[in-house]
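Novice: pasting the structure only:
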């Protein structure tokens, strides 16, 4: 894939994990290869699946927020009793994402103020990085902030491996290839020096 294709793929994946709309449906119909080959996907089905999996009304749904999959802080000197617990919002990774947005002169949208490390924003940020950042920064971002995607996959697979299960598998395949290909390119460039 070219950097432009990686940028577009990251943006598409961000749209996939946002609440479904007609634009997403149109983009999915143009996607090659399709995320769910052979399956007819309707907006109503996507919306129903999204709500069932991700709308956290009862507190038992799948989280799309990085902080909930990691300890709240890695700071061993933090005196708070919950500092090492998982399942909490606005942990270290959320603060780091806020700092990245600030450093890039970007704004966290109002709907994501309490969850700047939401998967949608992280994938939009990845798309932005493919447009403007060097490969080592992209790899570092993937390693630091998208390393929780296997946990997300496991949570989705527990419930139903339908459209969103296939989507997270495709995202995970992409991320694995990115980590391995950038490491290979880095090793090649080091061996040339």
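Specialist: Good, I have the coordinates. For clarity, every value in this text was computed on a predicted model and none was experimentally measured.

Novice: with adjacent residues omitted, what lies nearest to residue 138?
Specialist: When the adjacent residues along the chain are set aside, residue 138 lies closest to residue 129, with 4.9 Å between them (CB to CB, 6 or more residues apart in numbering). Backbone N, C-alpha and C define where each C-beta goes, glycine included.

Novice: where does the chain have its least confident helix or strand?
Specialist: Every helix and strand of the chain was ranked by mean pLDDT, DSSP states H and E. The lowest is helix 163-192, at a mean of 82.

Novice: returning to what we had before: near the residue nearest to residue 138, how many other residues are there?
Specialist: Using other CB atoms under 10 Å, residue 129 has 23 neighbouring residues.

Novice: how about it, what does it touch?
Specialist: Residues in contact with residue 129 (CB atoms under 8 Å, 6 or more residues apart in numbering) are 137-138, 141.

Novice: all helices of this protein, in order?
Specialist: Listed from the start of the chain, the chain has helices (DSSP state H) covering 3-16, 22-30, 43-54, 92-103, 119-132, 135-145, 149-159, 163-192.

Novice: and the contacts of residue 129, which are buried?
Specialist: Taking 16 or more other CB atoms under 10 Å as the criterion, what is buried in the contacts of residue 129 is 138, 141.

Novice: let's have the contacts of residue 129 in CSV, adding pLDDT and distance to residue 112.
Specialist: Below are these laid out as CSV (pLDDT from 0 to 100; distance: CB to CB, whole Å):
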residue, pLDDT, distance to residue 112
137, 93, 22
138, 94, 21
141, 96, 17
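
Novice: that'll do, ta.
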